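J.: Here is a sequence with its predicted model. Questions after.
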Amino acid sequence: MTAMEPKVRRPMSELMTRLRQITLPDEPNTIDSDGIVTIFTVREAARVFGVEFQFHGSVSLHIQSCEGFSVTLNETEEVVCCRILQSRLGDEQLFDTFIGDLMDLIIRMHDEPIDLRARALERRVACWRAFMHAMDRELSPELERGLFGELTVLKTLLIKGVEKPLADLWTGPLRNEHDFSISKTEALEVKTSSSKLPFVPCIDNVMQLDSTDREDLMLVAVHLVESPEGETLAELYRRVEHMLSYADRDEMKNLMLVQHVDIENPGRELKRFSVNFVRTFRADSLPRITRGTVPGIVDALYRIVVVDELGRPPVGVVEVPDYLPFVPHTSFGLC
């Protein structure tokens, strides 16, 4: 999952104020054209601003409107046009971030076939729709900690050399049973805490520690401490992004959006965390409630002790010390 570094270019979202100023009603402003896809900023009437993608070839697009934007599709034999306009009640800054991200995505994919670029646009818009449907777009402290823990584990898996497409590896954001799927038999459930020991995670349902279908299911405990010398979630995100292929970088953005997270605009100042430990335990050695544990119980939410006040696992709990060798973030350089 390594990649050459992309050419540094100002993101489109940073240019939106200027593009709004120079885009006049009914006079499309060309942003980029590579012979396959042409991108314009457009304005309908005096105030309705947006973007239009023209796909020069045979593609089908299925993109729906949302509370923050409207979508118009116009198809001919030679060109498929997708116009996305800000709704009159939409948030201007959010809309500019949204369409700037779409333009960046399509421009970065200029070497890809037209159908892949169309599918990428569909998926990214769908992820933004999920984000915009969120009632509260301010990143909650719980989600901030949880994502920091999962990205810490993802970084460690990449260092370890796990090679899978990101969507097949980091499965938790898409509501799969476990946070990471390593193989048919191997999966990881990640729990993160910044509280003082003992480490007592909440198990959200009966499937999280159920190893019936994954005999090598592990619970990974990530313990954080708030520290001025630590890093923010956004900094960790960029560090992990740097380790991914181009395609997986785009998928990582998708996976954040479906969790209602715009990493560059979290809605508040992010905390700085240092990782105290990353420890791995076999799920089948933990106290747990799973399918069939108690007849008649179909779901449950409960808490278990994974590490006690002295940093020791309970009697009978099997720790796998070398499974995820933790490497402090100071060993890496941001490029």
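T.: That came through, no problem. Residues are numbered from 1 along each chain as shown.
J.: Now for the closest residue in space to Trp128 that isn't next to it in sequence: which residues touch it?
T.: Nearest non-adjacent residue to Trp128, counting by C-beta to C-beta, 6 or more residues apart in numbering: Phe98, 5.3 Å away. Backbone N, C-alpha and C define where each C-beta goes, glycine included. Phe98 makes contact with 68-69, 128, 132, according to C-beta atoms under 8 Å, 6 or more residues apart in numbering.
J.: Wait, a strand at Phe98?
T.: No: Phe98: not assigned to a strand; according to DSSP: H, G, I helix; E, B strand; the rest coil it is helix.
J.: Please shift the residue numbers so they start at 3 in all later answers.
T.: Sure, I'll start numbering at 3, so the last one becomes Phe100.
J.: What score does it have for pLDDT?
T.: Phe100 carries a pLDDT value of 94.
J.: likewise Val263?
T.: Reading off the model, Val263 has pLDDT 92.
J.: Could you check how many residues crowd around it?
T.: Using other C-beta atoms under 10 Å, Val263 has 24 neighbouring residues.
J.: Correct me if wrong: it contacts Leu149.
T.: Yes: using C-beta atoms under 8 Å, Val263 is in contact with Leu149, at 6.8 Å.
J.: tell me which element the closest residue to Met245 other than its chain neighbours falls in.
T.: Distances taken as C-beta to C-beta, 6+ apart put Leu160 closest to Met245, at 4.9 Å, once the chain neighbours are dropped. In the assignment (DSSP states H and E), Leu160 maps to helix 143-162.
J.: List of residues touching that helix?
T.: Helix 143-162 has contacts (C-beta under 8 Å, 6+ apart) with 3, 171-172, 174, 181-182, 184, 190, 192-196, 222, 224, 226, 235, 238-239, 241-242, 245-246, 258, 261-263, 268, 272-273, 275, 277, 280, 326-329.
J.: try 6 Å
T.: Residues outside helix 143-162 that contact it (C-beta atoms under 6 Å, 6 or more residues apart in numbering): 3, 172, 181, 192, 194, 196, 222, 224, 235, 238, 242, 245, 275, 277, 326.
J.: How about stretch 121-135?
T.: With contact meaning C-beta under 6 Å, 6+ apart, stretch 121-135 is reached by 65, 68, 70, 100, 107, 256, 259-260, 262.
J.: Go through the residues you listed and flag which are in helices.
T.: Secondary structure from DSSP state H places 100, 107, 256, 259 of these in helices.
J.: quick one: which of the contacts of Phe100 has the most company?
T.: Ranking the contacts of Phe100 using other C-beta under 10 Å puts Trp130 first, with 26 neighbours.
J.: Sort out for me which of the contacts of Phe100 are in strands.
T.: Phe71 (DSSP state E).
J.: mind checking pLDDT for Glu266?
T.: Reading off the model, Glu266 has pLDDT 86.
J.: What's the local residue count around it?
T.: Glu266, neighbours per other C-beta under 10 Å, totals 14.
J.: mind checking the SS state of it?
T.: coil.
J.: If you drop the residues flanking it in sequence, what lies closest to it?
T.: Nearest residue to Glu266, sequence neighbours excluded (C-beta to C-beta, 6+ apart): Ala236, at 6.9 Å.
J.: Any buried residues in the helix or strand where that neighbour lies, and which?
T.: Secondary structure assigned from DSSP H and E places Ala236 in helix 235-243. If you call a residue buried by 16 or more other C-beta atoms under 10 Å, then helix 235-243 has these buried ones: 235, 238-239, 241-242.
J.: hmm, who's touching it?
T.: 146, 149-150, 153, 156-157, 251, 254, 265, 272.
J.: same question, stretch 311-323
T.: Stretch 311-323 has contacts (C-beta under 6 Å, 6+ apart) with 199-200, 282-284, 287-288, 307, 309.
J.: mind showing which ranges of the stretch 53-202 of the chain have poor pLDDT?
T.: 91-92, 137 (pLDDT under 70).
J.: Please repeat the previous calculation with a cut-off of 80.
T.: Across the stretch 53-202 of the chain, the ranges flagged by pLDDT under 80 are 90-92, 136-139, 177-178.
J.: Going along the chain, name the helices of it.
T.: 94-110, 116-134, 143-162, 168-171 (DSSP state H, counting those that start in this stretch).
J.: Find the nearest non-adjacent residue to Pro230, please.
T.: For Pro230, the spatially nearest residue (C-beta to C-beta, 6+ apart) is Arg274, at 6.1 Å.
J.: residues touching the one you found, list them.
T.: Arg274 touches 229, 232, 234, counting by C-beta under 6 Å, 6+ apart.
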